[in-house]
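> sequence and predicted structure below; questions after.
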Amino acid sequence: MKKGAVELVSVAKRYGDTTAVSEINLFIEGGSYCCLLGPSGCGKSTTLRMIAGHEEVSEGDILLNNRNVTALPPRQRGTALMFQNYALFPHLSSRDNVAFSLKIAGVGRAERRSRADEMLKLVNMDGYADAFPEQLSGGQQQRVALARALINEPDVILLDEPLSALDPFLRTRMRAELKRIQQQLGITFIHVTHSQDEAFALADQVVVMNHGCIEQVDTPPGIFSTPRTAFVARFIGGHNIIEGSTRGNRLQFSEERVLELPTTKINGHGQPSGASLRCDQIHVGHTPTDFSTVNAMNVEFVEYQGRYVHLRGRCDDGLRLSVFQTDTDYLSHPVQEGDTVYVGWDQQDLNPLYTAPNG
Ligand code: ADP
């Protein structure tokens, strides 16, 4: 097992009658970048804080490097938590903030100084060692907070919505920095976010949570191309969700209409409760074309988005679809509300959805 591996075994957290996290199982490989993704209140921060040891578990075990750390205080776990508000000491310089825990541990001044300066260099803050937090921008304060979390050479860094306070430009820049630092150091990063863009850009492994449960664990392309539940498909966006009843691979979504789901995607996964279809995998024609599934769609909504154009409409058989058309296709034959277009897709692009996360 690689250093920095984290395992949650039936971990639950209850606050009185509220279940914040309900018996989750999760394995995070050492040296990987893991994002806990989900809407507000789904239990991400509680999970992170339990791994850090800042929150007791109600049930279950937490293993770090195969060692049960459930009962250990935060400083004995080999983890470091970077708080959302950075929590820097206002009266200390960047260097002294970063070196603070070394001072408490009795490390001598010269070594503290040189290790703190090394960490500030790693986060591109070497020119700001003597600056105080109030003299730094939000993004700079965050780098100092990251350096402070890294100085004790933890096996696992835990980050709670680290980019949410930054403006969109800085957020993208800092995101790339986080990835660079994680790869350079090769330590495990566990990062809480409600942004699918952020999770997709950063993670080796995305954990999608909903109501205290894990809905899906996969790579970013795995989550995007094969969402397992309607919740995941809705949350990541860009998918149509077609609900109905299934028998074998036949999905009945209206009284007389049936879609055939690709059998190769169903085997061994239980009975699907619907299907998802990516908005960008639907083709738009202006005359009936020869796709295996073709449907006349009355266009009810057209929205220009730059790289693509969002069309929404209702098909003859009652199916409501959202379609992302490339701007080139759109501009070569602009569609307006009220027009009829012919939509089609490859049957293999239909993705079965299940009600239960685990089948
Ligand atoms: P997220 O990080 O996904 O936004 P949290 O882990 O913060 O979600 O919260 C999960 C659930 O637990 C929410 O319903 C929240 O209200 C509840 N919760 C979190 N912390 C406490 C607490 N200290 N006391 C009571 N309920 C809490």
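Everything's here; your move.

> find the residue ranges of this protein scoring beneath the pLDDT cut-off.
84, 267-269, 289-293, 357-359 (pLDDT under 70).

> for the one residue in the stretch 101-250 of the chain that gets nearest to the ligand, give the beta-bridge partners.
Going by C-beta to the nearest ligand atom, the ligand is nearest to Val192 of the stretch 101-250 of the chain, at 6.1 Å. All C-beta spots, glycine's among them, are computed from the backbone N, C-alpha and C. When assigned by DSSP bridges, Val192 has beta-bridge partners Leu36, Asp160.

> and the gap between it and Asn66?
24 Å (C-beta to C-beta, to the nearest Å).

> between the two, which one's more packed in?
Val192 (26 against 9; other C-beta atoms under 10 Å).

> and that one, what does it touch?
Val192 makes contacts with Cys35, Leu36, Lys44, Ser45, Thr47, Leu48, Leu159, Asp160, Glu161, as judged by C-beta atoms under 8 Å, 6 or more residues apart in numbering.

> adding neighbour count, write the residues you listed out as TSV.
TSV is the format used below for the contacts of Val192 (neighbours: other C-beta atoms under 10 Å):
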residue	neighbour count
Cys35	26
Leu36	29
Lys44	26
Ser45	20
Thr47	29
Leu48	21
Leu159	26
Asp160	20
Glu161	20
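
> which of these come close to the ligand?
Restricting those to those touching the ligand (C-beta under 6 Å from any ligand atom) yields Lys44, Ser45.

> and the contacts of Val192 as JSON lines, adding distance to Ala105?
Listed next are these as JSON lines, based on distance: C-beta to C-beta, whole Å:
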{"residue": "Cys35", "distance to Ala105": "31"}
{"residue": "Leu36", "distance to Ala105": "30"}
{"residue": "Lys44", "distance to Ala105": "31"}
{"residue": "Ser45", "distance to Ala105": "28"}
{"residue": "Thr47", "distance to Ala105": "28"}
{"residue": "Leu48", "distance to Ala105": "24"}
{"residue": "Leu159", "distance to Ala105": "23"}
{"residue": "Asp160", "distance to Ala105": "24"}
{"residue": "Glu161", "distance to Ala105": "29"}
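
> for the contacts of Val192, which one is nearest Asp339?
Cys35 (40.2 Å; C-beta to C-beta).

> which ones are touching the closest one?
Ile190, His191, Val192, Thr193, Glu198, Ala199, Leu202, Ala203, Gln205, Val206, Val207.

> on the three-state scheme, the last one is what?
Same thing as Val207. strand (DSSP: H, G, I helix; E, B strand; the rest coil).

> what is the neighbour count of it?
Val207, neighbours per other C-beta under 10 Å, totals 25.

> partner residues bridging it?
According to DSSP bridges, beta-bridge pairing links Val207 with Leu36, Val217.

> returning to that earlier point: so which of the contacts of Cys35 wins on neighbours?
Ile190 (28 neighbours).

> got the contact list for that residue?
Ile190 neighbours (C-beta under 8 Å, 6+ apart): Val6, Ile28, Cys34, Cys35, Leu36, Leu48, Ile51, Val156, Ile157, Leu158, Leu159.

> from those residues, which land in strands?
Among these, the members found in strands (DSSP state E) are Val6, Ile28, Cys34, Cys35, Leu36, Val156, Ile157, Leu158, Leu159.

> does the closest residue in space to Arg49 that isn't next to it in sequence belong to a helix, a strand or coil?
Excluding the flanking residues, the one nearest Arg49 by C-beta to C-beta, 6 or more residues apart in numbering is Glu55, at 3.9 Å. Look at Glu55: counting by three-state DSSP, its state is coil.

> what lines up beside the helix or strand hosting Val299 in the sheet?
Secondary structure assignment for Val299, by DSSP states H and E: strand 293-304. Sheet pairing of strand 293-304 (DSSP bridges) gives strand 308-315 (antiparallel), strand 340-345 (antiparallel).
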